[in-house]
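Asks: Any chance you could fold what I've pasted below:
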Amino acid sequence: MPRVGLTPEQVVGHALALIDEQGPEALTLAAVAARAGVATPSLYKHVSGGLAELRRLVAVRVTEELADRLAEAALGRGGDAAVAAVLRAYHAYATEHPHRYGALPQAPQPDEDLAAAAGRLVGVIVAVLRGYGLEGSEAIHAARTFRSLAHGFAALSTGGAFQLAEDLGETQDRMITVLTAGLRGWPRP
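Replies: Residues are numbered from 1 along each chain as shown. The predicted model follows:
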């Protein structure tokens with residue numbers, strides 16, 4: 001019988017705290033069990049698929065968190081302001097949680113929950129792009145462009161790649177300017 005008060009959501013919370021503190025390589029069932037105050041075999045009562053299931057649940061939670069952050073940033077905004085807010089929110093999430101961000105799957109996974117969370121995340125981006133009149137295939141091409149910039153900037157900055165003295169915020173401002181100008185002048189077939 002599962003420990004009273006411990007839920008799968010709390011197990012995922014313990015896993016995320018461990019990842020935040022020590023990095024994704026620290027994620028083991030034994031480490032999560034220690035944080036939760038249970039024996040390692042007891043975790044299977046809460047996360048039946050073991051470490052693979054726990055990694056899946058972490059990926060779903062991180063994707064949902066990022067989707068929530070982007071949706072909140074876009075709320076009440078359109079056009080260039082929405083793009084800027086969503087890009088800044090994306091980077092802020094990655095900066096605040098660099099190890100957690102590393103658990104974000106970058107390719108589609110054969111998992112219903114993860115596909116739903118990823119669909120919501122991409123849906124926020126596509127909704128923002130509607131402000132530029134982009135629909136159908138053009139919205140997909142633009143969303144790929146958007147995601148490439150967002151992920152590239154986040155991954156490089158959280159990975160420590162930007163070591164030169166120039167202000168990173170100014171770089172981000174210029175990247176946003178380039179993207180919004182490109183979206184306003186998006187080539188139509």
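
Asks: Could you count how many residues lie near residue 38?
Replies: Counted with other CB atoms under 10 Å, the burial measure for residue 38 works out to 18 neighbours. Bear in mind the C-beta positions are built from the backbone N, C-alpha and C, glycine included.

Asks: I should have written residue 79 there, sorry.
Replies: 14.

Asks: What of the one 5 residues further on?
Replies: The local packing count at residue 84 equals 19, with neighbours defined by other CB under 10 Å.

Asks: What helix or strand is it located in?
Replies: Element membership for residue 84, per DSSP states H and E: helix 79-96.

Asks: The helix or strand following that helix packs against which elements?
Replies: In the C-terminal direction, the helix or strand that comes right after helix 79-96 (DSSP H and E) is helix 98-101. In terms of contacts (3 or more CB pairs under 8 Å, 6 or more residues apart in numbering; DSSP states H and E), helix 98-101 is packed against helix 8-22, helix 50-74, helix 136-158.

Asks: quick one: low-confidence parts of the protein?
Replies: With pLDDT under 70 as the threshold, the chain has low-confidence stretches at 1-5, 108.

Asks: do you know how far the residue nearest the centre of it is from residue 48?
Replies: For the chain, residue 66 is the residue whose C-alpha lies nearest the centre (CA atoms, centre = their mean; 4.0 Å). Summarising the geometry, the distance separating residue 66 from residue 48, computed by CB to CB, to the nearest Å, is 26 Å.

Asks: Disregarding residues adjacent in the polypeptide, which is nearest to the residue nearest to the centre of the chain?
Replies: Take residue 66 and drop its neighbours on the chain: the residue closest to it by CB to CB, 6 or more residues apart in numbering is residue 93, 5.4 Å away.

Asks: In this structure the one you found contacts residue 101, no?
Replies: Yes. With contact defined as CB atoms under 8 Å, residue 93 reaches residue 101; the gap is 6.6 Å.

Asks: hey, what's in contact with both of the two?
Replies: For the pair residue 93 and residue 101, residues contacting each of them under the criterion CB atoms under 8 Å, 6 or more residues apart in numbering are 66, 154.

Asks: mind checking the SS state of residue 165?
Replies: Remark: residue 165 carries the secondary structure label coil [criterion: DSSP: H, G, I helix; E, B strand; the rest coil].

Asks: what's around it, how many residues?
Replies: Counted with other CB under 10 Å, the neighbours of residue 165 add up to 4.
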